[in-house]
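Chemist: Sequence first, predicted coordinates after that:
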Amino acid sequence: MEELYELLNGQIFGVWFLIGAALVFWMQAGFAMVEAGFTRAKNTGNIIMKNLMDFCIGTCVFIPLGFGLLLGENALGGFIGKPTLAIFTDYTNFDWSNFVFNLVFCATTATIVSGAMAERTRFISYCIYSAVISALIYPIEAHWIWGGGWLAELGFHDFAGSCAIHMVGGISALIGASILGPRIGKFSKDKNGKITKVNAFPGHNLAIGALGVFILWLGWYGFNGAACTSLEQLASVFVTTTIAPAVATVVTMIFTWVKYGKPDVSMSLNASLAGLVAITAPCDVTDAFGAIVIGAVSGLLVVFGVWFLDEKLRVDDPVGAVAVHMMNGIWGTIAVGLFGTASAPGNDSVVGLFYGGGVKQLGIQLLGFVSVAAWTALTITVAFLVIKAIFGLRVTEEEEITGLDATEHGLASAYAGFSIMDVSNTMIVDANENTDLGTDDYAQASAAQKDAAVKVVQEAPLAQTFDTGMHKVSIICKLTKFDALKRALNDLGVTGMTMTQVMGCGIQKGSGSRYRGVEMDATLLPKIKVEVIVSKIPVDKVIETAKRVLYTGHIGDGKIFVYNVSRVVKVRTGEEDINALQDVE
């Protein structure tokens with residue numbers, strides 16, 4: 001009976017192993033959605049294509065080379081596995097499950113880099129890089145950890161890939177983005193070429209980005225849990241895999257709320273992934289308390305990482321891949337040596353410093369981190385420099401501004417049927433010595449400041465012979481002011497008006513709008529244009545009423561244009577000029 005139970009248990013977990021692999025494959029969709037949502041619409045097709053090809057190209061090179069280097073017999077003292085073509089020569093006895101399982105993990109490593117290098121990388125160069133990491137870089141270091149290599153023999157522990165996958169992908173992302181350079185307009189420079197400011201490029205669809213995060217979180221239960229061999233171990237892994245990202249997200253929400261005045265949406269989404277990355281290595285050897293601490297640290301670390309790349313390293317990472325994967329991959333690797341506990345189901349050998357295990361495991365984890373990081377940094381740097389020399393890494397300035405969908409794939413738009421004009425890289429407006437941002441106190445504001453906040457442009461008056469006494473007043477203002485403006489004009493006697501939605505761009509004093517911790521000085525903002533035609537009501541009263549309603553003391557409060565009107569015709573009645581205006585003013 002016991003033998004039957006063990007057989008059934010083995011079969012059940014064999015099936016779960018493959019289901020877990022399918023969940024990890026589904027994570028490719030999550031990565032695609034996060035990257036697409038956090039970047040600009042004009043590059044969406046390119047991003048989808050890169051995430052698709054990561055897996056497809058990875059499969060093509062993993063078959064003849066990558067699989068053998070990862071799981072083949074030890075060679076060169078456990079440095080690599082022996083390449084094998086057993087999938088062709090001995091298919092009957094081939095380890096199909098391990099092949100599929102390790103293939104989907106391999107593709108994940110390559111995908112991480114895509115986000116950090118998004119919106120300015122040549123597609124051909126990206127395909128070559130993806131092949132190199134899937135065929136050589138990842139399989140060799142993964143052999144050290146999971147293929148019976150030298151790190152495994154020392155007792156290094158990385159259950160599901162904080163080090164082998166996420167840190168490797170994150171380091172590759174950092175080096176690739178550094179060599180590639182920032183997107184056009186990401187950093188403002190003075191006349192001497194010194195960077196003076198970081199500019200925010202908001203993602204075009206946070207809903208898609210959030211969907212990607214939820215897909216990834218679901219897939220992570222397979223990512224971390226697929227290799228479990230007992231129900232108790234699987235349940236414990238599910239618990240730690242749930243706690244860490246949840247705590248990380250709450251910590252980031254609170255921290256950004258306190259630091260920036262508002263809880264940051266995209267940073268909180270990144271925090272969920274950061275917590276998942278950090279718990280990936282210790283998920284099977286830690287307990288609930290360890291998962292809480294690991295998650296809390298990762299929530300702070302991801303915010304620090306985004307700031308550090310922008311403000312100190314000056315590396316442009318559109319989706320936060322380095323902060324999420326590299327920094328939290330390192331943290332998760334080290335956390336094994338701190339929070340490993342014998343109380344975790346199935347664990348009796350990995351005990352961390354904080355649970356009475358001393359520094360031995362921590363030392364092994366640090367050695368593994370340094371070794372894998374050094375291997376990755378060396379090989380990926382060589383790969384990128386060779387690709388850059390032969391093919392070139394970066395698209396031209398014109399191609400980048402136009403968008404990679406059109407220039408790399410001949411795709412007019414990933415959103416056929418929608419009118420999308422992405423000019424975000426031209427939306428950088430800087431204050432200078434000629435800029436007066438005004439004052440918030442209406443009583444203290446000078447006439448010049450009031451005129452600057454709500455500028456009036458009036459057409460020259462006509463000669464009395466041609467003056468009809470009718471004028472069109474066109475008011476452009478913030479969407480939030482429309483209701484107040486409508487009521488004020490109505491109180492003045494205006495009952496008819498035309499409203500059009502438009503887009504505006506400019507500097508706004510103290511707007512407080514931030515994206516991923518970077519203050520947004522200018523972007524395309526929704527505005528409205530309200531047009532009224534008046535004859536009996538004095539134009540000056542309309543202007544004064546509009547200025548009073550719209551004024552906040554900020555440049556960008558609005559503009560008022562006044563035009564002479566020579567003729568008005570009411571279509572319904574045929575009435576003309578002043579008679580046609582009697583029921584609208």
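Modeler: It's in. None of the values given here were measured: they were computed from a predicted structure.

Chemist: you'd agree Ala342 is in a strand?
Modeler: No: counting by DSSP: H, G, I helix; E, B strand; the rest coil, Ala342 is not part of a strand but coil.

Chemist: Thought Val351 was touching it, still the case?
Modeler: Yes: in terms of Cβ atoms under 8 Å, Ala342 counts as a neighbour of Val351; the distance is 5.6 Å. Every residue, glycine included, has its C-beta placed from N, CA and C.

Chemist: Those two: who's more crowded?
Modeler: Taking other Cβ atoms under 10 Å, Ala342 and Val351 do not tie; Val351 has more neighbours (21 against 14).

Chemist: Surely the more buried one touches Thr341?
Modeler: Yes: if you go by Cβ under 8 Å, Val351 and Thr341 touch, sitting 6.4 Å apart.

Chemist: Output the below-cut-off pLDDT ranges for this structure.
Modeler: Within the chain, the stretches with pLDDT under 70 are 1-10, 417-455, 457-460, 462-467, 504-513, 515, 519-526, 554-555, 580-585.

Chemist: Show me the strands in it, by range?
Modeler: Under the criterion DSSP state E, the chain contains strands at 74-75, 80-81, 187-189, 195-198, 454-458, 470-478, 498-504, 514-515, 518-519, 525-534, 558-565.

Chemist: so which of the ones you listed gets nearest Ile334?
Modeler: Nearest to Ile334, of all the strands of the chain, is strand 80-81, at 25.7 Å by Cβ to Cβ.

Chemist: still on that earlier bit, could the strands of the chain go into CSV alongside mean neighbour count and distance to Asn328?
Modeler: Shown next, in CSV, are the strands of the chain (neighbours: other Cβ atoms under 10 Å; distance: least, Cβ to Cβ, whole Å):
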stretch, mean neighbour count, distance to Asn328
strand 74-75, 16, 30
strand 80-81, 24, 28
strand 187-189, 14, 25
strand 195-198, 14, 22
strand 454-458, 16, 48
strand 470-478, 21, 39
strand 498-504, 12, 37
strand 514-515, 17, 21
strand 518-519, 18, 21
strand 525-534, 19, 34
strand 558-565, 18, 45
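
Chemist: Just want the phi and psi numbers for the spatially most central residue of the chain.
Modeler: What sits nearest the mean C-alpha location of the chain, by Cα atoms, centre = their mean, is Val319, with 2.9 Å. Note on Val319: its backbone torsions stand at phi -110, psi 0 [degrees, to the nearest 10].

Chemist: Can you report how many residues lie near Thr89?
Modeler: By other Cβ under 10 Å, 9 other residues sit near Thr89.

Chemist: sorry, that was for Ile63
Modeler: For Ile63, the neighbour count with other Cβ under 10 Å is 16.

Chemist: next one: Val34
Modeler: Neighbour count of Val34, defined by other Cβ under 10 Å: 30.

Chemist: ok so, going back, need the strands of the chain in JSON lines (columns: distance to Gly155).
Modeler: Compiled in JSON lines, those are given as follows (distance: least, Cβ to Cβ, whole Å):
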{"stretch": "strand 74-75", "distance to Gly155": "16"}
{"stretch": "strand 80-81", "distance to Gly155": "19"}
{"stretch": "strand 187-189", "distance to Gly155": "44"}
{"stretch": "strand 195-198", "distance to Gly155": "43"}
{"stretch": "strand 454-458", "distance to Gly155": "70"}
{"stretch": "strand 470-478", "distance to Gly155": "62"}
{"stretch": "strand 498-504", "distance to Gly155": "59"}
{"stretch": "strand 514-515", "distance to Gly155": "44"}
{"stretch": "strand 518-519", "distance to Gly155": "43"}
{"stretch": "strand 525-534", "distance to Gly155": "57"}
{"stretch": "strand 558-565", "distance to Gly155": "68"}
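
Chemist: Let me know which of these is the nearest to Gln28.
Modeler: Short answer: strand 80-81, nearest of the strands of the chain by Cβ to Cβ, at 24.9 Å.

Chemist: just checking, what packs against the closest one?
Modeler: In this structure, strand 80-81 packs against helix 67-71, helix 138-146, with contacts taken as 3 or more Cβ pairs under 8 Å, 6 or more residues apart in numbering; DSSP states H and E.

Chemist: Beta-bridge partners for the closest residue to Gly558 other than its chain neighbours, please?
Modeler: Sequence neighbours aside, Cys477 is the residue nearest to Gly558 in space, at 3.6 Å (criterion: Cβ to Cβ, 6 or more residues apart in numbering). Under DSSP bridges, the beta-bridge partners of Cys477 are Ile528, Gly558.

Chemist: which outside residues touch stretch 226-243?
Modeler: The contact list for stretch 226-243 (Cβ atoms under 8 Å, 6 or more residues apart in numbering) reads 9, 13, 16-17, 19-21, 23-24, 101, 159-160, 220-221, 224-225, 276, 279, 282-284, 286-288, 290-292, 295, 344-346.
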